[in-house]
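Student: Just the structure for this:
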Amino acid sequence: EVEKVTAQSYSLLGQAYFQTGDFKKAMSSMETAVSMAEEEGYKPRENWYVILAACISELKDQIGEEESLLRKIDIYEILVNLYPKKMYFIQLGGIYSQLSREIDYMVTLKAAYQKDLLDKQTEYLTLASLLLQNNNPYWAAKVLEDGRKKKVPVIDEKTKEEKILPVVKDNEKNLKLLADAWRMAQEMDLAIPIMEKAAKLAKDGQTYIILGSLYLSEDKLEEAVLAIEEGLKKGKVKNSSQARLTLGQAYFELQNFDQAKKEFRIAARNDDKKIKKTANSWIKYTENEEIRVKNLALRRDYIQNQS
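Tutor: As a prediction, this is how the structure comes out:
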């Protein structure tokens, strides 16, 4: 009696070819094994697809780099559905990235995130950045928040002790990214406390300047003044004249016109024509507003005295 040739038979043949380095025959045998398994009505085994992907990598020079990547996409798309392990999502996402298919890369990483497979800071930051680039700030913020909450075991390099730490660390860079995501999502009440934490960790004053601008946008004028002044005091601000303009605007809203004009005059010393013009316009506007407010006060006093 002739023994029936099955998908398993071809998979064993394919593995043997792979071990001997005959990747072309290995790939052909594995493709046959997968087809036969599907015809026989059962799920092809995980390692059959893995060997197929490995064969394609080994034959990259013969197949062509782009074609080999496209073929591997087909395999990894099957793997993430049939055997949803983190490494397959990461490999699939990496191929999409190589092909500059950023949307597909984002969707793949997001699927891994939703299955709670991500466990590295770089993975969370990459996904958040992709979401921001594609106008999904709310989801970017949610991803970062979840990364801050998720704890994983980490081996301390010095002591060799295991510690349980958040995946996404609360450093200045990460907190600024999170605050920016909440700001872009119009969630200012969530953005401001995060930016406050980032400012306290910052080595320069720039983060306090950004914080001051956030306060000003929410009409928190005293807080805006304190934050911007702290930023200027700390130093290493990217554009101190622009910061002075913002500070002057905060003082203007507080009707502290003398201090506002002082800040605008400092800003007007800048060589940048645009900043100089803006500062001088604010000086004129402040002087006119100061006169208007004084006249209103005089009129109010006159009416009260008459009554």
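Student: Which residue ranges of the protein form strands?
Tutor: With DSSP state E as the criterion, the chain has strands at 151-155, 162-166.
Student: Determine the longest helix present in this structure.
Tutor: If you go by DSSP state H, the chain has its longest helix at helix 273-306.
Student: so can I have TSV of the strands of the chain showing distance to M184, mean pLDDT and mean neighbour count?
Tutor: In short, each C-beta sits where N, CA and C put it, glycine included. Below are the strands of the chain laid out as TSV (distance: least, Cβ to Cβ, whole Å; pLDDT from 0 to 100; neighbours: other Cβ atoms under 10 Å):
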stretch	distance to M184	mean pLDDT	mean neighbour count
strand 151-155	27	90	11
strand 162-166	23	93	12
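Student: Excluding chain neighbours, what is closest to L254?
Tutor: What sits nearest to L254 in space, not counting adjacent residues and going by Cβ to Cβ, 6 or more residues apart in numbering, is L221, at 5.1 Å.
Student: Neighbours of that neighbour, how many?
Tutor: 18 (other Cβ atoms under 10 Å).
Student: Could you double-check that it sits in contact with F252?
Tutor: No. L221 lies out of contact with F252 (Cβ atoms under 8 Å); the separation is 9.4 Å.
Student: how close does K261 get to Y251?
Tutor: The gap separating K261 from Y251 is 9 Å, by Cβ to Cβ, to the nearest Å.
Student: okay, the two: which has more neighbours?
Tutor: Neighbours per residue (other Cβ under 10 Å) separate K261 from Y251, with Y251 holding more: 23 against 20.
Student: contacting residues for that one?
Tutor: By Cβ atoms under 8 Å, 6 or more residues apart in numbering, the contact list for Y251 reads V225, F257, Q259, A260, E263.
Student: Would you mind listing which of these are buried?
Tutor: Among those, the ones that count as buried by 16 or more other Cβ atoms under 10 Å are V225, F257, A260, E263.
Student: so the third one touches T246, yeah?
Tutor: No. Here A260 does not reach T246: they are 11.1 Å apart, not a contact under Cβ under 8 Å.
Student: Now do the shared contacts for those two.
Tutor: Joint contacts of A260 and T246 (Cβ under 8 Å, 6+ apart) do not exist.
Student: a markdown table for the contacts of Y251, including distance to V80 and pLDDT?
Tutor: Output for the contacts of Y251, formatted as a markdown table (distance: Cβ to Cβ, whole Å; pLDDT from 0 to 100):
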| residue | distance to V80 | pLDDT |
| --- | --- | --- |
| V225 | 52 | 97 |
| F257 | 63 | 96 |
| Q259 | 60 | 97 |
| A260 | 58 | 97 |
| E263 | 56 | 96 |
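Student: Inside helices: which ones of these?
Tutor: Here DSSP H is the test, and the contacts of Y251 give V225, F257, Q259, A260, E263 as lying in helices.
Student: about what we covered before: hmm, which two among the contacts of Y251 are most spread apart?
Tutor: Using Cβ to Cβ, the two most remote members of the contacts of Y251 are V225 and F257, lying 13.9 Å apart.
Student: Which parts of the stretch 1-150 of the chain are helices?
Tutor: 7-20, 23-39, 46-58, 60-63, 65-82, 86-98, 102-114, 121-133, 137-149 (DSSP state H, counting those that start in this stretch).
Student: Output the ones you listed as CSV; include the columns mean neighbour count, mean pLDDT and distance to I164.
Tutor: Listed next are those as CSV, based on neighbours: other Cβ atoms under 10 Å; pLDDT from 0 to 100; distance: least, Cβ to Cβ, whole Å:
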stretch, mean neighbour count, mean pLDDT, distance to I164
helix 7-20, 17, 95, 40
helix 23-39, 18, 95, 41
helix 46-58, 19, 97, 31
helix 60-63, 12, 94, 41
helix 65-82, 17, 96, 28
helix 86-98, 20, 97, 19
helix 102-114, 19, 97, 20
helix 121-133, 20, 97, 15
helix 137-149, 20, 97, 12
